[in-house]
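1. Here is the input, now give the coordinates:
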Amino acid sequence: MHPLEELIDSAWERRGELAAEEIARLRPRLEQVLDLLESGEARVAEPASDGSWRVNAWLKKAVLLYFRVNPSVVQASAPAPYFDKVPLRFAGFDDGAFRTLGARVVPGAVVRRGAHIAKDVVLMPSFVNIGAHVGAGTMVDTWATVGSCAQIGRNVHLSGGAGIGGVLEPLQAAPTIIEDDCFIGARSEVVEGVIVERGSVIGMGVFLGQSTRIYDRATSQVHYGRVPAGSVVVSGSLPAPDGSHSLYAAVIVKRVDDKTRAKTSLNELLRE
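-> Predicted coordinates:
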């Protein structure tokens, strides 16, 4: 247990009755939590040895408490100021701070405080929300969004306009997770705590939520809420039992291993 966890849990249980003096003492502790999230020392969800993901609910509580105890204030920015409870991640950064961070931040990239940006990340004009974790070598392409507490692995490509949903509540729910070495196609959406496992390729315009049927055409198996490792997924549909209509589904058209991915272009993987 982290030394701050008990304090955050206690404050959360009494969140509706916190006195002004206690809020004043709580604010610097919440800033410490956001520092931990930014540095990557703490993550809202982290991989376990068995391949599952463990949710650290106390960190979600800290983010929600941060919203509760901080008022919205004017924050200077170009081309226009913000009026928000959460400052920008790179406020006050100079040349040295950006070089230490080791990421490339293109004009138009917006990152809120409390988000972890690892080495060699490239942020095109995009949005990364509080509590998110973006792993080393990942590209967040133009107009892509990374929601609150979303977990993005290493060497991931989020293509233009891709949306990775945020999950703050319920507290026990896993955030949306994109594991290492995945490609998320343009204008795709992955939301509601869906997990895209390592090395998967999600084609353009694929929508994945907890109720989306993910059909593996090789096995006829239907998955919900999780894309198996190494899957190549495109948009499709599945017919109703009586054949009267079809409904949207994501279709796993093939599985690939690391060696195949290394030798094969994305267009070839997605082409039938």
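2. Mind checking what secondary structure Asp50 has?
-> The local conformation at Asp50, judged by DSSP: H, G, I helix; E, B strand; the rest coil, is coil.
3. Could I get the phi/psi values of it?
-> phi -90, psi 10 (degrees, to the nearest 10).
4. That one - how many residues pack around it?
-> Here the count is done by other Cβ atoms under 10 Å, and Asp50 has 6 residues near it. Bear in mind the C-beta positions are built from the backbone N, C-alpha and C, glycine included.
5. who are the neighbours in contact with it?
-> Under the criterion of Cβ atoms under 8 Å, 6 or more residues apart in numbering, Asp50 has no contact partners.
6. Repeat that for Val156.
-> So, once contact is read as Cβ under 8 Å, 6+ apart, Val156 ends up touching Gly135, Thr138, Met139, Ile178, Asp180, Asp181, Cys182, Phe183, Ile184.
7. what about the residue lying farthest from the centre of the chain, distance to Ala249?
-> Distance from the centre of the chain peaks at Asp242, with 38.5 Å (Cα atoms, centre = their mean). As judged by Cβ to Cβ, to the nearest Å, Asp242 and Ala249 stand 17 Å apart.
8. and Tyr248, how many neighbours?
-> 12.
9. I'd assumed it was in a helix, is it?
-> No. Judged by three-state DSSP, Tyr248 forms no part of a helix; its state is strand.
10. Does the nearest residue to it once chain neighbours are set aside lie in a helix or a strand, and which?
-> Leaving aside its sequence neighbours, Tyr248 sits nearest to Ser237 (Cβ to Cβ, 6 or more residues apart in numbering; 5.7 Å). Using DSSP states H and E, Ser237 falls within strand 231-239.
11. which of the residues in that strand are buried?
-> Under the neighbour-count criterion of 16 or more other Cβ atoms under 10 Å, strand 231-239 has Ser231, Val232, Val233, Val234, Ser235, Gly236 buried.
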